[in-house]
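**Student:** Next input, structure requested:
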Amino acid sequence: MANMPTCFISMLFYMLVLLAFAHVHAEFNYTFDTGDDNSYFLLEEDEVRILNLTITVSEDITLSFTSSDESAFNVLNGKEYVYAADSPVTVQIEIQGVFVSVEKLRIEITQGVEDYTIPDFTIKVLRPYSVLSDIFTYALLLWLLISYVTMGTKMDFSIIKTKFKPPTGITIGLICQFFLMPLLAYGLANAFKLSNESSVGLILDGTCPGGWLSNIFSLLLDCDFVLSLTMTFSSTILALGMMPLNLFIYTRTFTDDNDDLKTPFFELAQQLLILVIPVGIGIIILYKFPKATEICEKLLKPFATFLIVIALGLGIPAEFYVFLSPWEIWMSSALFPLIGSILGLTFALIGRLDRQSAVTVALEVGVQNSLLAKTMVDLAYPEPESDLIARIPLLIALLTLIEGTIITAVYILVKRLCHKEEDEADLVKDKKDVELTNGNKTGEPKTDIEAGAQSNPGFTPEANM
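**Tutor:** Okay, the predicted model is just below:
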C-alpha cells in the first residue's frame with residue numbers, strides 16, 4: 001500500500017507525456033488549395049501554376065518538393081522553410097507542366113520532427129487545346145459510321161449463312177477475340193509494367209470487336225471476304241455484352257487509385273448500341289435499294305484508300321504526342337496485333353480450316369477495331385486520362401496499318417511476278433505450238449499431203465505416188 005502514491009504519480013506523469021505528444025501532433029495540419037474543387041492539381045504543358053500548401057506546425061521544418069517524373073512536370077522551387085512562429089504558413093509551390101501525364105508531387109520533411117508526413121499529391125498535365133484534334137475525333141466517328149453502313153450493305157444473309165454451315169471459322173475467331181485477346185492484353189500490360197492509363201488502353205483495345213480495317217485487308221489479300229464480314233458483324237453484336245464484361249474483369253487492378261480511370265460502362269454500352277444502327281441502315285439499303293449497293297461495292301476500294309489517307313493526314317499532326325511514348329508502349333502496341341494474328345492463325349489451322357479461311361481468321365483476330373477504342377475513349381473519359389489511354393489504340397491502329405500495307409504490297413508484287421512467270425510460260429508454250437504446226441497455230445494443214453495424213457492415218461506419201 002505504501003507504493004500506491006508512487007504508482008499514481010508515475011501513471012499521472014505518463015498521461016501528461018501522452019497528452020503533450022497529442023498536443024504537438026494536433027498542431028500539425030496541412031491543406032492544399034488547387035484553385036478549384038478537385039482533389040488534384042491541373043495545368044497544361046509549358047504552363048506555370050502555383051499550388052498553395054497551408055501548414056500549421058509547432059516546430060520549424062524544412063520542406064522538399066520533387067516530381068515523380070520530371071519528363072511530366074517540374075517543381076521550380078524545390079525547397080521551402082516553414083517557421084513555427086509564423087504558423088499557419090502558406091507555401092507556394094511553383095509547378096511547370098512538361099508533357100501530358102498523371103504523376104505525383106512528392107513532399108518530404110527534411111528537417112524537423114521526423115514523424116510529420118504529407119502524402120504525395122496528384123498532378124495532372126493536359127495537352128493544349130487543339131481544334132485539329134477535335135476534327136480528327138469526329139472524323140473518326142464519321143469513318144466508323146460510314147464503315148458500319150458499308151458493312152450492312154454487304155450483309156447478304158443468303159451468302160453469309162453458308163459460313164455457319166459449319167461455323168468453325170466464326171467460332172474460332174470469336175473465342176480468340178473475346179477470350180484470348182483480353183487475356184493477352186492483360187499479360188502484356190503486366191509484362192511491360194505499363195502505367196495504369198496505358199494498361200487500360202491496351203485492355204480496351206483487346207476487348208474491341210473486329211473492325212473495318214480487317215475487312216479491307218481481307219479484300220486486298222484475296223482472303224475470304226464474306227467470312228471476314230460475318231465475323232466482324234458477329235463480334236460487333238457480341239461486344240455489347242463481352243466488352244463490358246472483359247473490362248470489368250481485367251481493368252480493376254489498374255483503376256483503384258484513380259476514379260477517372262473507372263470504366264464508364266453506361267457510356268460504352270450507349271456507343272456500342274449506336275454503332276448497331278448504321279449496320280441496320282446498311283441492311284435496309286441492301287434489300288430496299290440494290291442499285292445503291294452496287295454503287296457502294298464499286299466505291300469500296302477507292303473510298304477505303306481515301307479514308308486511310310485522310311486519317312493519316314489528320315491523325316499524325318493532331319495526335320503527334322503518341323510518337324513520344326516510351327518504348328514499353330511501342331513494344332506492346334507492336335506485339336499485340338502480331339501475337340494475336342499468330343494465335344488466330346494457329347487455332348484456325350488446328351481447326352483444319354483451309355489456307356484462305358485461316359488467314360482471314362488471323363486478320364480478324366489480330367486487327368482489332370482500334371479506331372472504335374480511340375473514339376470511345378475520347379467520348380467517355382476525361383482529360384488527360386483520355387489522351388493517355390488512347391496512346392496504345394492509336395499506335396496499334398498506325399502499326400497495323402503500316403504492317404498491313406507492307407504485307408499487301410509484298411503480296412501484290414509476288415502475285416504480279418507469279419502472273420508474269422505464268423504469262424511467259426504460256427508464251428513459250430504458244431511458240432512451241434507454232435513451231436510444231438509450222439507457224440500455223442490453228443493446226444490447219446498447209447499442203448495436200450498434210451491434209452491426207454490428217455484425214456487418213458494410214459496415208460503415206462509413197463503410197464499416194
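
**Student:** can we go C-alpha only for contacts and neighbour counts from here?
**Tutor:** Will do.

**Student:** quick one: low-confidence parts of the chain?
**Tutor:** The model of the chain has pLDDT under 70 over residues 1-27, 84-86, 111-115, 292-293, 296-297, 299-301, 303-305, 307-308, 311, 419-465.

**Student:** Per the annotation, how does it divide into domains?
**Tutor:** The chain breaks down by automatic domain parsing into domains covering 24-126, 131-418.

**Student:** got the end-to-end distance for the last one?
**Tutor:** The distance separating the two terminal residues of domain 131-418, taken as Cα to Cα, to the nearest Å, comes to 48 Å.

**Student:** Measure how far that domain is from the centre of its chain, please.
**Tutor:** 8 Å (Cα atoms, centre = their mean, to the nearest Å).

**Student:** picking that back up, among the domains of the chain, which is the most enclosed?
**Tutor:** The highest mean neighbour count among the domains of the chain, using mean count of other Cα atoms under 10 Å, belongs to domain 131-418: a mean of 19.

**Student:** what about residue 166, is that helix, strand or coil?
**Tutor:** Here residue 166 is recorded as coil under DSSP: H, G, I helix; E, B strand; the rest coil.

**Student:** now do the one 4 residues further on
**Tutor:** Here residue 170 is helix, with the state taken from three-state DSSP.

**Student:** Please, which helix or strand holds the nearest residue to it once chain neighbours are set aside?
**Tutor:** Excluding the flanking residues, the one nearest residue 170 by Cα to Cα, 6 or more residues apart in numbering is residue 231, at 5.7 Å. Using DSSP states H and E, residue 231 falls within helix 225-250.

**Student:** Go ahead and name everything in contact with the helix or strand following that helix.
**Tutor:** Remark: after helix 225-250, the chain's next helix or strand is helix 252-255, criterion DSSP H and E. Here helix 252-255 makes contact (Cα atoms under 8 Å, 6 or more residues apart in numbering) with 196, 197, 199, 200, 261, 262.

**Student:** For helix 252-255, output the C-alpha coordinates as CSV.
**Tutor:** Output of helix 252-255 as CSV, limited to C-alpha atoms (Å, rounded to 0.1, in the frame of the first residue of the first chain):
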residue,chain,number,x,y,z
ARG,A,252,-10.0,-3.4,-62.0
THR,A,253,-6.4,-3.8,-60.8
PHE,A,254,-5.4,-0.7,-62.8
THR,A,255,-8.2,1.7,-61.8
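
**Student:** need the next SSE after it, C-terminal direction.
**Tutor:** That would be, after helix 252-255 and using DSSP H and E, helix 265-288.

**Student:** same for that next one, what does it pack against?
**Tutor:** If contacts are counted by 3 or more Cα pairs under 8 Å, 6 or more residues apart in numbering; DSSP states H and E, helix 265-288 sits against helix 131-153, helix 225-250, helix 290-318, helix 370-380.

**Student:** what's it in contact with?
**Tutor:** The contact list for helix 265-288 (Cα under 8 Å, 6+ apart) reads 144-146, 148-156, 236-237, 239-240, 244, 292-293, 376, 380.

**Student:** Not counting sequence-adjacent ones, nearest residue to residue 121?
**Tutor:** Sequence neighbours aside, residue 105 is the residue nearest to residue 121 in space, at 5.0 Å (criterion: Cα to Cα, 6+ apart).

**Student:** ugh, wrong one, residue 237
**Tutor:** Closest residue to residue 237 apart from its sequence neighbours, by Cα to Cα, 6+ apart: residue 276 at 7.7 Å.

**Student:** picking up where we left off before, between the helices and strands packed on helix 265-288, which gets nearest to residue 212?
**Tutor:** Closest of those to residue 212 is helix 131-153, at 6.2 Å (criterion: Cα to Cα).

**Student:** what residue lies at the spatial centre of this structure?
**Tutor:** residue 393 (2.0 Å; Cα atoms, centre = their mean).

**Student:** give me every residue that touches the closest residue in space to that residue that isn't next to it in sequence.
**Tutor:** Using Cα to Cα, 6+ apart and skipping the chain neighbours, the partner closest in space to residue 393 is residue 370 (5.0 Å). Applying Cα under 8 Å, 6+ apart to residue 370 gives the contacts 205, 208, 211, 393, 394, 396, 397.

**Student:** what's the distance between residue 370 and residue 394?
**Tutor:** On the measure of Cα to Cα, residue 370 and residue 394 end up 7 Å apart.

**Student:** Now for those two: what residues contact both?
**Tutor:** Counting by Cα under 8 Å, 6+ apart, nothing touches both residue 370 and residue 394.

**Student:** related to what we said a few turns ago, please tell me how far the residue nearest to residue 121 sits from residue 96.
**Tutor:** Separation of residue 105 from residue 96 (Cα to Cα): 12 Å.

**Student:** Likewise for residue 266?
**Tutor:** 36 Å.

**Student:** How about residue 149?
**Tutor:** From residue 149 across to residue 96, the span is 46 Å (Cα to Cα).

**Student:** what does residue 324 give?
**Tutor:** Residue 324 is 19 Å from residue 96, where distance means Cα to Cα.

**Student:** do residue 291 as well
**Tutor:** Counting by Cα to Cα, the gap from residue 291 to residue 96 is 60 Å.

**Student:** Helices along the stretch 351-465 of the chain, start to end?
**Tutor:** Assigned by DSSP state H, counting those that start in this stretch, the stretch 351-465 of the chain shows helices spanning 355-366, 370-380, 385-436, 448-455, 461-464.

**Student:** top strand in the chain by residue count?
**Tutor:** When the chain is parsed with DSSP state E, its longest strand is strand 101-111.

**Student:** so what's the backbone phi/psi at residue 98?
**Tutor:** Per-residue torsions, residue 98: phi -120, psi -50 (degrees, to the nearest 10).

**Student:** list the contacts for it?
**Tutor:** By Cα under 8 Å, 6+ apart, the contact list for residue 98 reads 44, 45, 46, 47, 70, 71, 72, 73, 74, 125.

**Student:** Name all residues that make contact with the third one.
**Tutor:** The neighbourhood of residue 46, defined by Cα under 8 Å, 6+ apart, consists of 96, 97, 98, 99.

**Student:** helix, strand or coil for it?
**Tutor:** coil.

**Student:** Cool, thanks, talk later.
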